[in-house]
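*Asks:* Fold the following, please.
(6 chains)
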Protein chains: 6
Amino acid sequence: MDGLRNISFQPGIAPHASGSVLVCFGNTQVICAASIEEGVPRWMKEQGVTGGWLTAEYSMLPYSTAPRKTRDSTRGKIDGRSMEIQRLIGRSLRAGIDLEAIGSRTLWIDCDVLRADGGTRTASITGASVAIALACNSLIREGKIAKSPITRRVAAVSVGVVCSEVLLDLDYLEDKDAEVDLNLVMTGDMEFIELQASGEESIFNEAQLSKMLDYGRRGIRELVKKQEEVLENLS
Amino acid sequence: MDGLRNISFQPGIAPHASGSVLVCFGNTQVICAASIEEGVPRWMKEQGVTGGWLTAEYSMLPYSTAPRKTRDSTRGKIDGRSMEIQRLIGRSLRAGIDLEAIGSRTLWIDCDVLRADGGTRTASITGASVAIALACNSLIREGKIAKSPITRRVAAVSVGVVCSEVLLDLDYLEDKDAEVDLNLVMTGDMEFIELQASGEESIFNEAQLSKMLDYGRRGIRELVKKQEEVLENLS
Amino acid sequence: MDGLRNISFQPGIAPHASGSVLVCFGNTQVICAASIEEGVPRWMKEQGVTGGWLTAEYSMLPYSTAPRKTRDSTRGKIDGRSMEIQRLIGRSLRAGIDLEAIGSRTLWIDCDVLRADGGTRTASITGASVAIALACNSLIREGKIAKSPITRRVAAVSVGVVCSEVLLDLDYLEDKDAEVDLNLVMTGDMEFIELQASGEESIFNEAQLSKMLDYGRRGIRELVKKQEEVLENLS
Amino acid sequence: MDGLRNISFQPGIAPHASGSVLVCFGNTQVICAASIEEGVPRWMKEQGVTGGWLTAEYSMLPYSTAPRKTRDSTRGKIDGRSMEIQRLIGRSLRAGIDLEAIGSRTLWIDCDVLRADGGTRTASITGASVAIALACNSLIREGKIAKSPITRRVAAVSVGVVCSEVLLDLDYLEDKDAEVDLNLVMTGDMEFIELQASGEESIFNEAQLSKMLDYGRRGIRELVKKQEEVLENLS
Amino acid sequence: MDGLRNISFQPGIAPHASGSVLVCFGNTQVICAASIEEGVPRWMKEQGVTGGWLTAEYSMLPYSTAPRKTRDSTRGKIDGRSMEIQRLIGRSLRAGIDLEAIGSRTLWIDCDVLRADGGTRTASITGASVAIALACNSLIREGKIAKSPITRRVAAVSVGVVCSEVLLDLDYLEDKDAEVDLNLVMTGDMEFIELQASGEESIFNEAQLSKMLDYGRRGIRELVKKQEEVLENLS
Amino acid sequence: MDGLRNISFQPGIAPHASGSVLVCFGNTQVICAASIEEGVPRWMKEQGVTGGWLTAEYSMLPYSTAPRKTRDSTRGKIDGRSMEIQRLIGRSLRAGIDLEAIGSRTLWIDCDVLRADGGTRTASITGASVAIALACNSLIREGKIAKSPITRRVAAVSVGVVCSEVLLDLDYLEDKDAEVDLNLVMTGDMEFIELQASGEESIFNEAQLSKMLDYGRRGIRELVKKQEEVLENLS
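*Replies:* Residues are numbered from 1 along each chain as shown, chains lettered A, B, ... in the order given. You can find the predicted model right below:
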């Protein structure tokens, strides 16, 4: 199966954020919000780094899974998986924006999974890219910056090998059984940002890698097209 | 002003929960989800308490306010205000259910504020009461319990004194300026569950208390009517 | 029973504090200390708030109950109940003092329960009000402020319904069986500061509320009289 | 100065504990409470250790010093100094009791400093030894054990060198200026339990050590006599 | 530069572990230890998973970098980067062992960086693979298992693009300036286990990916040869 | 047995530190590193203390014992024993250095136990004293200070009573069975810095104390000689 699941973007889900979208990859639903804070983290000032910063936080809402997932704040810390995902989200999105151009501001990206059915990290990146574009538009409208700091559209998709067959945009059941798992983050111009492939505690070969990359590129192309559509409709 | 803001309930917002609703009190929006977990907390077994348990967690999503609110899991602990609110929500909702009748199960109530504009605790209680009803219906449908354990409809509303005038269901700006702040939790039969009135670090008198209670009762009556409507439409 | 238990105040229990008192409501004993720190919390400076601040911490000493209660510092955090109580204590006491008049200082109120037998929060508020008065006297004696910033005497009492009978100032066994539980914080002029009534996970009606308020007011009147006596004896 | 400060023991300060005493070494005042809990820590069961256990917790109440000391539970952890002191208290007291003879029980020793003026650890050990004796008496009275498990009276005292002069039982100002600091824990039969001598980040010689031990022994002898007196008066 | 830095393995660095090695990739030095614990984590029992478990912990010793790095235990938690690396190490190593065959035991893999100069995660994986082989040998010698559970040799290497040139096994200064960063984990039979490529907050293209994979494979081949040598010398 | 175990110092174990040594007391091996940081802790500035600071951290690496020891960062806090030891190490080493003379710098002393077999705290102090000397030499070489701030050589040794016999420099098995346990920190001129003697939850007498001190002094003399040798060889 080389097609994506149903993809949709519902802008404005969190009106207090500067830009927000509810992104759906099939049954997976993620609230993506971009909030602008004046000022930058202390380490930037200490190291003399100019311009702005972008940082991401990812969380699964307790009712996003069945059975219910214990809240991070109850356990007192973020689990390793969430930490890894939010670091990936932040890194990927920073590849698509000119932070120098946003001035001394911090873009907070929040990705909260409302319903989890596989691909929450790729949906988060793809949705947050739209939320950032909306937040930048609001900065322009408010006259805080003159032109868009967006340098590349960023999208992400998962590919896997399930029962020896390559599948695009896996849902939870497919992902659970996958023999190989690949997450691909690319730009609208089909350049790589991140590529993470794992044999899921086993192994994979070069032919599999090559076919997965083919499927992935096809998915990215389609996702970027949908991102452009939703942004066009709003402008 | 003795009227409520626009009130609405959107059921099914979190499909992995047993019952869920997006409740709106004006611009305030709260995701209320009721998840059922088999088994009860250890303290119940240790103390030989039979039946089930209901516990609530309340959180403001970071983008629910402008400027953005730091995430609880980042600070490593729940703040005092959230703790107090989630204790109130749990206590209030336990007054409306026969926990003996749900068997050895835990009802997890999650209230996540998507957009905050005053009255998040009263919206949470009012919405969660609907989510619980939906979750109990699903228990019945699955044949796990024979009849509904719901004993009373629970609703909550805020009342305040702003510029010497009594107001019902305050939004954020009204709440910020309120000289007296009252939160009222009542049943569909107009009995009290909780009453919390505070002079906001100043004082109030008996006449004010009396008038606020009048307004509050009116609001509760209307809220319960709307709860019944949404539940009827779904059955 | 509409009478208070034996009430006493023993000033000077913690000589290193600016003002302190051991307050007893029957067998309930609470060390109340008011310590003055030069300077105010950072948030006040950041928000440009002038004057001073008052903040309260409440704790049950491990040997205040049988069986022994685990220490907060061992569990690494304050429990929800203690947090709620110390927020109530702080809010109530701030209603009785002109913080502008104490200058850029912080009043730390510590309430440590030495022996718990019901009503620890109301004893804490009532005792701390005396400790604050003593601390303010010491500020005047040291020439740091010209006149007392105390604007109102603050006292608190619990009322409950036990076996359908209204009782004032409940001890632990009465409190445990109470069907309704009301905590009342009022001024010496019989104005309300806080009113918290709970059906204890069940319900109560207006007649009960009304009678409880009557009993409560009688208790407050008596407590304020005793506060005045002890302060007069010391001056 | 080879004499102790005024020493006193006020039994029954914490009536919910099995044994308790307010001990005073001059202006230093410590609440010492011994609470009995049925059962022993998990590690004893896992390692197959029979008999009971004794563990100590030490804390300075926030108003025990001027300026006020931040509460452990606020900082979220016990500081290094308190940890070290409570380990010393536990170890010292376990030398004076036959834990096998108290059965499968835990003796919780709490030492909370109400007023600090030097020697809080030695006052804690000396006071807690009396509290344990009282708690054991109550175990005997309740018929839970047949005879006292107390094997030795335990007392502790500080000695120091200040301006080249050896001083016994130092108060805060003396302690602050001490060139050498020695804490001595001994039995009623004048045997050593613990000896901790420190050059306070500098050095000391053998003659000083020898003279300090002489002074210390004299102090211990007097403290044990006072312990015996207070226990005799109570029996 | 398509060659590895000087690679060496010094077995027995931590004699209390079942298997240990100090691995050096140029100036990067990592202590890799494999400790065997009887029993498995609770989640395996709860989920009915049979066989053993392997888990990894990674840490940079404070003096491994200049300036000194703050200790994890001082900050109270592991940082996101360390968490991500230790998850990668564990996942990679589990691909090379038949956990069913080690029985109900846990293999704890500790990787502590003694000196950091780039490639600490790849050195950790490559060294730990040797430590595990040594630990399994000791299990066989002790008669606890009959034959080796090792299914594949595991090695890892970094590749990067620096100033448009592809480099193998980057040191710290090269890594800092790298435009693309790739970490490759492979087996002795040249199958993939994990592949992580990042444009370092920018982008890379397919030609670069392809060339980096070529270099990486060459490095892996050499590393596995060196692993075999050191293990042969020890048997 | 009045002799030390085999003692050795291997300098340069952690090349990124300013001074480092792997110290061995028999089978006990500790990495001791001294790192120099420009600036001093905030409390020094606030209290107006001039000169530099020295602080120590002690940790047992997980594979230093069999069975493996859980990592501090996994448990989220340092255990009481480690805290006590690192406070002793810091205090002891500060007695041997003129902190005024190192300028506004912090000396971080890290002691990580690679292999534990008794006496890890005494080995840490003795090894760290050498690491500090090396770090100070590097400060002189770099022209940051004119002459050595070292005022005294510091060494430490353990003595114990095992089966009524006094033993010097106990290994783990001897230490476990010791009836009395003494740790002695002294200078090269045979003056006391710290003396900690414990009856190990039982008692000891003066004759035992006296004989243990004799043995300890002999050990210190030998350790200081070895420290001088290793430092001489390096200069």
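
*Asks:* What's the mean pLDDT across the helix or strand containing A:Ala33?
*Replies:* In this structure, A:Ala33 sits in strand A:28-38 according to DSSP states H and E. When pLDDT is averaged over strand A:28-38, the result is 97.

*Asks:* Wondering if that strand reaches chain B at all.
*Replies:* Yes - contact of strand A:28-38 with chain B (C-beta under 8 Å from any C-beta of the partner chain) involves A:Ile31, A:Ala33, A:Ser35, A:Glu37. Any C-beta I mention is one placed from the backbone N, CA and C, and that applies to glycine too.

*Asks:* Now the element after that strand, going C-ward?
*Replies:* Next element after strand A:28-38 (DSSP H and E): helix A:42-46.

*Asks:* and the following helix or strand past that following helix, anywhere near chain E?
*Replies:* With elements assigned by DSSP H and E, the helix or strand that comes after helix A:42-46 is strand A:53-60. No - Strand A:53-60 does not reach chain E (C-beta under 8 Å from any C-beta); its nearest approach is 9.5 Å.

*Asks:* Report the buried residues of strand A:53-60.
*Replies:* The neighbour-count check on strand A:53-60 (16 or more other C-beta atoms under 10 Å in any protein chain shown) flags A:Trp53, A:Leu54, A:Thr55, A:Ala56, A:Glu57, A:Tyr58, A:Ser59, A:Met60 as buried.

*Asks:* Ok, stretch A:144-159 next?
*Replies:* Buried residues in stretch A:144-159, counted by 16+ other C-beta under 10 Å: A:Ile145, A:Pro149, A:Ile150, A:Arg152, A:Arg153, A:Val154, A:Ala155, A:Ala156, A:Val157, A:Ser158, A:Val159.

*Asks:* How about stretch A:218-231?
*Replies:* A:Arg218, A:Gly219, A:Ile220, A:Glu222, A:Leu223, A:Val224, A:Lys226, A:Gln227, A:Val230, A:Leu231.

*Asks:* before we move on, what about stretch A:39-51?
*Replies:* A:Val40, A:Met44.

*Asks:* which residues are in contact with it?
*Replies:* A:Gly52, A:Trp53, A:Thr55, A:Leu99, A:Glu100, A:Ala101, A:Ile102, A:Gly103, A:Ser104, A:Arg105, A:Thr106 (C-beta atoms under 8 Å, 6 or more residues apart in numbering or on different chains).

*Asks:* Could you give the average pLDDT over stretch A:173-182?
*Replies:* Stretch A:173-182 shows a mean pLDDT of 94.

*Asks:* close to chain B, is that stretch?
*Replies:* No - judged by C-beta under 8 Å from any C-beta, stretch A:173-182 and chain B are separated, with a smallest distance of 14.1 Å.

*Asks:* which one's the longest helix in chain A?
*Replies:* helix A:206-234 (DSSP state H).

*Asks:* and that helix with chain E, contact?
*Replies:* Yes - judged by C-beta under 8 Å from any C-beta, helix A:206-234 and chain E are in contact via A:Glu206, A:Leu209.

*Asks:* can you pull out the strands in chain A?
*Replies:* Ranges of strands within chain A are A:7-11, A:19-25, A:28-38, A:53-60, A:105-115, A:154-162, A:165-168, A:180-187, A:192-198, based on DSSP state E.

*Asks:* Dump those strands into JSON lines; add distance to A:Gly127 as well.
*Replies:* Supplementary listing: the strands of chain A in JSON lines, determined by distance: least, C-beta to C-beta, whole Å:
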{"stretch": "strand A:7-11", "distance to A:Gly127": "7"}
{"stretch": "strand A:19-25", "distance to A:Gly127": "3"}
{"stretch": "strand A:28-38", "distance to A:Gly127": "4"}
{"stretch": "strand A:53-60", "distance to A:Gly127": "11"}
{"stretch": "strand A:105-115", "distance to A:Gly127": "7"}
{"stretch": "strand A:154-162", "distance to A:Gly127": "10"}
{"stretch": "strand A:165-168", "distance to A:Gly127": "18"}
{"stretch": "strand A:180-187", "distance to A:Gly127": "13"}
{"stretch": "strand A:192-198", "distance to A:Gly127": "16"}
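
*Asks:* Just the local confidence number for the one residue in chain A that gets nearest to chain D, please.
*Replies:* Distance from chain D to each residue of chain A (C-beta to the nearest C-beta) is smallest for A:Gly76, at 10.3 Å. Listed pLDDT for A:Gly76 reads 72.

*Asks:* OK, contacts around A:Ser104?
*Replies:* Under the criterion of C-beta under 8 Å, 6+ apart, the neighbours of A:Ser104 are A:Glu38, A:Gly39, A:Val40, A:Thr50, A:Gly51, A:Gly52.

*Asks:* With that, I have no additional questions.
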